[in-house]
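>>> Fold the following.
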Amino acid sequence: FAIFPVLSILAIFPILSILAIFAVLSVLAIQAILAVFAVLSIFTVLAVLAIQTVFTVLAILSVLPILAGLAVFAIFAILAILAVFSILAILAIFTVLAILAVLAVLPV
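Modelled structure (predicted):
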């Protein structure tokens, strides 16, 4: 009769060791699942960053023609200002010539 409790204790130990192995395996499986999720989350973060870089590149590329258009407008504005100055200079020359002509006509 004393042997039976010993045998029952010995029978419990392999069951416990098997259960402990299963618990370790389940923990490892959970860790593997978490590692997979971590890798997947890193990929999603990288994908989000890649999408953001694509959007920033597209935004920069879309800004460049706008800047080029503004530069063209600025060139046209500078040319228009220069044209206005040349017109004003011509008008000033005409007014000087007109004043000289009037002075030449007046008796001294």
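>>> give me the element residue 17 is part of.
Assessed by DSSP states H and E, residue 17 sits inside helix 3-105.
>>> Now for residue 79, how many residues are close by?
Residues lying near residue 79 (other Cβ atoms under 10 Å) number 10. Yep, even glycine has a C-beta here, placed from its N, CA and C like the rest.
>>> State the distance from it to residue 85.
Distance, residue 79 to residue 85, by Cβ to Cβ, to the nearest Å: 11 Å.
>>> Residue 5 now?
Plainly put, residue 5 is 115 Å away from residue 85 if you go by Cβ to Cβ.
>>> Could you do residue 32 as well?
77 Å.
>>> again with residue 56
From residue 56 to residue 85 the distance is 42 Å (Cβ to Cβ).
>>> Kindly report the same for residue 31.
Taken as Cβ to Cβ, the span from residue 31 to residue 85 is 78 Å.
>>> And for residue 37, the neighbour number?
10.
>>> now do residue 92
Neighbours of residue 92 (other Cβ under 10 Å): 10.
>>> Test for you: state the pLDDT assigned to it.
pLDDT for residue 92: 85.
>>> likewise residue 1?
pLDDT, residue 1: 61.
>>> cool, residue 36 as well?
With respect to pLDDT, residue 36 has a value of 82.
>>> let's have the chain start at 254 instead
In the new count, where the first residue is 254, that last one comes out as residue 289.
>>> Look at the one residue sitting closest to the centre of the chain and report its pLDDT.
Closest to where the C-alpha atoms of the chain average out (Cα atoms, centre = their mean) is residue 309, at 3.6 Å. Residue 309 is assigned 82 on the pLDDT scale.
>>> Relative to residue 315, how far out is it?
Using Cβ to Cβ, residue 309 is found at 11 Å from residue 315.
>>> With residue 261 instead?
Here the criterion is Cβ to Cβ. By it, residue 261 lies 79 Å from residue 315.
>>> Same question for residue 285.
To residue 315, residue 285 is 44 Å away according to Cβ to Cβ.
>>> Same question for residue 340.
38 Å.
>>> likewise residue 354?
From residue 354 across to residue 315, the span is 58 Å (Cβ to Cβ).
>>> what's the answer for residue 327, then?
Distance from residue 327 to residue 315, by Cβ to Cβ: 19 Å.
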